[in-house]
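>>> Everything below, folded, please.
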Amino acid sequence: MSSTPLARAYMERRADLVRVFTARLRSQARAEDLVQAMFEKVMAVPAQEHIGNPVAYLYRLGSNLMLDDVRQAQRQRARESAWSDLQGERRGGDRASDAPGPDRTVEARQRLARLMATVETLPPQTQRVFRLHKLQGLSHQETAESLGVSKSAVEKHVSLALKLLTERTS
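Okay, the predicted model is just below:
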């Protein structure tokens with residue numbers, strides 16, 4: 001660790017920083033995370049950069065990081081609330097269940113069974129590519145590496161699989 005005045009101030013005041021931000025955040029775990037993020041920022045400050053009051057700098061840095069975290073949490077809550085509002089209808093002030101009814105569940109399971117039966121009819125390599133990419137979630141590159149083929153070959157097999165599945169299940 002470099003021995004800049006800022007780094008020394010951080011090491012000397014670390015326990016105090018955790019205590020102050022624990023009180024502000026009402027969570028020791030969040031305070032520890034914040035102080036760790038401060039350490040990363042402190043280490044990124046060039047050694048030749050002069051900071052007149054390292055202790056004040058540390059508290060300002062921590063406050064700024066804390067505010068960034070609070071703002072990010074507020075934005076996330078707003079996004080989740082907006083998403084929730086778009087996803088379900090409300091009845092009498094209560095959100096209706098997003099779960100599909102039993103008839104839709106049975107229909108979806110039947111469609112899935114037909115689709116999986118159709119996957120079994122694909123050419124063997126196309127089937128392997130489709131399973132790795134679409135069912136296991138590997139990227140085109142990861143699928144290519146797994147099967148020892150080019151990324152272009154994976155793209156062609158996925159395209160063929162989708163074309164055949166669309167034709168055979170429509």
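>>> Sketch out the strands for the protein, chain order is fine.
Counting by DSSP state E, the chain has these strands, from start to end: 90-91, 94-95.
>>> Those: lowest mean pLDDT?
Among the strands of the chain, strand 90-91 carries the lowest mean pLDDT, at a mean of 58.
>>> Can you give me the buried ones in the longest helix along the chain?
Counting residues, the longest helix in the chain under DSSP state H turns out to be helix 54-87. For helix 54-87, the neighbour count (16 or more other CB atoms under 10 Å) marks 54-55, 57-59, 61-62, 65-66 as buried. Every C-beta, even on glycine, is put in place using the N, C-alpha and C of the backbone.
>>> I'd like those residues written out as TSV, with pLDDT added.
Formatted as TSV, those follow (pLDDT from 0 to 100):
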residue	pLDDT
54	94
55	95
57	95
58	95
59	95
61	95
62	95
65	94
66	93
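>>> and which of those residues is nearest residue 141?
The shortest gap between residue 141 and any of those belongs to residue 65, at 34.9 Å (CB to CB).
>>> what's the spacing between the closest one and residue 52?
20 Å (CB to CB, to the nearest Å).
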